[in-house]
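Asker: build the 3D model from these lines:
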Amino acid sequence: MSQPGLREVEHEILVSAPAAVIYRLIADVENWPRIFPPTIYVDRVETAADQERIRIWATANGEAKSWTSKRTLDPAALRIEFRQEVSAPPVAAMGGAWLIEALSPTESRIRLLHDYRAVDDDPEQLDWIDRAVDTNSRSELAALKRNIEQAQASEELLFSFEDTVQINGSAKDVYDFVNEAGRWPERLPHVAEARLTEDVPGLQVLEMDTRAKDGSVHTTKSYRVTFPNERIAYKQVTLPALMALHTGYWTFVENEHGVAASSQHTVVLNAENITKILGPEAGVAEAREYVHTALSTNSRATLGFAKAYAEAER
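Answerer: Okay, here's the model as predicted:
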């Protein structure tokens, strides 16, 4: 019998893929920003045997939230249970489970269970959580189905790369330069305008107008999660036409020569727009090169100006 104020809901979807493949994809949280649209970033805080503690940053009803969850993984039963240890208001408590059921060697059912209650059992807040859970669950399951069933195409469209610059300075100064993105228009020639907000410490929203080589201006919006002097992870939610997904992170690793500053990108190309943007003869290879060059050029420019800034601060 359900407790008063406790809501229990279930969502499910059928996927044309082996159950074990689906389980592995969900079990590895590093995949989440790529396969689940609401997820911005996931950090493994602690791992031990079949349990792990993770911190998740994700959007809910258009608002960025963060919480810490404990997961219990059971690969034999194809089951992953989760329970929020630190919830974000208006959620007072939340838990649930992923259940993967093999219907055949190539067909599976994914069930996503949630149980939750609102702060002070407020009915209006409970309605807000209902909408967020329903929206995110449908989005996550649809994205998971799409990601798995298009795995072969995704392998061609998905790529990652990293640029690194050695800087004779401190990690703090380099981090500060990247963290203070609101000042980029005065510091970076390719940034026309930047609007940075940080209503919750460590969770930023960055809207930016960037100039391309041809003089055109592109507007993007990203959520950024900051780890002072060490890392800034981000996920773009407003994307250029050639990209279906763009996540990445900046890292700042001190060494005997100063600090190695890196910019990493993971991209999924939007195949439908390749010929529209690059012409009828263009294919995936040309699109990969175009996007790689554009992102790397901007990243290396930012790292170059961060290098000059940090070395001047020594």
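Asker: going by C-alpha atoms from here, please, whenever you check contacts or count neighbours.
Answerer: Noted.
Asker: count the neighbours of Ser66 for me.
Answerer: Ser66 has 21 neighbours, counted by other Cα atoms under 10 Å.
Asker: mind listing what Lys221 touches?
Answerer: Contacts for Lys221 were tallied using Cα atoms under 8 Å, 6 or more residues apart in numbering; they are 205-208, 236-239.
Asker: now Ser222
Answerer: So Ser222 contacts 205-207, 234-238 (Cα under 8 Å, 6+ apart).
Asker: the strands in the chain, which residues?
Answerer: 7-15, 39-48, 51-60, 63-74, 79-86, 91-104, 107-118, 158-167, 191-200, 203-211, 217-227, 231-238, 243-255, 258-269 (DSSP state E).
Asker: elements contacting the last one?
Answerer: For strand 258-269, the contact count by 3 or more Cα pairs under 8 Å, 6 or more residues apart in numbering; DSSP states H and E identifies helix 151-157, strand 158-167, helix 171-179, strand 243-255, helix 284-313 as packing neighbours.
Asker: pull the residues that contact the second one.
Answerer: Read it as strand 158-167. Applying Cα under 8 Å, 6+ apart, the set of residues contacting strand 158-167 from outside is 257-269, 288, 292, 296, 299-300, 303-304, 307, 310-311.
Asker: re the thing from before, can you flag the buried ones in the contacts of Lys221?
Answerer: 205-208, 236-239 (16 or more other Cα atoms under 10 Å).
Asker: still on that earlier bit, put together TSV for the strands of the chain, with distance to Ser137 and mean pLDDT on each row.
Answerer: Formatted as TSV, the strands of the chain follow (distance: least, Cα to Cα, whole Å; pLDDT from 0 to 100):
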stretch	distance to Ser137	mean pLDDT
strand 7-15	7	96
strand 39-48	11	92
strand 51-60	11	92
strand 63-74	16	92
strand 79-86	14	94
strand 91-104	11	96
strand 107-118	7	96
strand 158-167	24	96
strand 191-200	24	94
strand 203-211	23	93
strand 217-227	20	93
strand 231-238	18	95
strand 243-255	19	96
strand 258-269	22	96
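Asker: of the ones you listed, which is nearest Asp127?
Answerer: Nearest to Asp127 among the strands of the chain is strand 107-118 (8.9 Å), distances taken as Cα to Cα.
Asker: what strands line up against that closest one, and which way round?
Answerer: strand 7-15 (antiparallel), strand 91-104 (antiparallel) (DSSP bridges).
Asker: Thr226 is in contact with Tyr41, correct?
Answerer: No: counting by Cα atoms under 8 Å, Tyr41 stays clear of Thr226, with 10.4 Å between them.
Asker: what sits in contact with each of those two?
Answerer: Residues touching both Tyr41 and Thr226 (Cα under 8 Å, 6+ apart) are Ala233.
Asker: compare the two (neighbour count), which wins?
Answerer: More crowded of Tyr41 and Thr226, by other Cα under 10 Å: Tyr41, with 25 against 18.
Asker: does that one have any beta-bridge partners, and if so which?
Answerer: Under the criterion used (DSSP bridges), Tyr41 bridges to Trp57.
Asker: do the one 5 residues further on as well
Answerer: Partner residues in beta bridges with Glu46, using DSSP bridges, are Arg53.
Asker: so who does it touch?
Answerer: 52-54.
Asker: ok, now Pro18?
Answerer: Taking Cα under 8 Å, 6+ apart, one finds 102, 104-108 in contact with Pro18.
Asker: and if you look at Ile232?
Answerer: Shown in contact with Ile232 (Cα under 8 Å, 6+ apart): 179, 224-226, 249-251.
Asker: how about those residues, which pair is most distant?
Answerer: Most distant of those, by Cα to Cα, are Arg224 and Thr251, 12.9 Å apart.
Asker: just the strands paired with strand 107-118: most buried one?
Answerer: Ranked by mean neighbour count under mean count of other Cα atoms under 10 Å, those are led by strand 91-104, which reaches a mean of 19.
Asker: that one vs strand 79-86, what angle?
Answerer: 170 degrees (axes from the mean of the first three to the mean of the last three Cα atoms, to 10 degrees).
Asker: leaving out the residues flanking it, which one is nearest to Gly283?
Answerer: Ile274 (6.7 Å; Cα to Cα, 6 or more residues apart in numbering).
Asker: what bridges to Leu158?
Answerer: Val268.
Asker: what is the burial count for it?
Answerer: Residues near Leu158, counting by other Cα under 10 Å: 19.
Asker: contacting residues for Ser16?
Answerer: Contacts of Ser16 (Cα under 8 Å, 6+ apart): 106-108, 145, 148-149.
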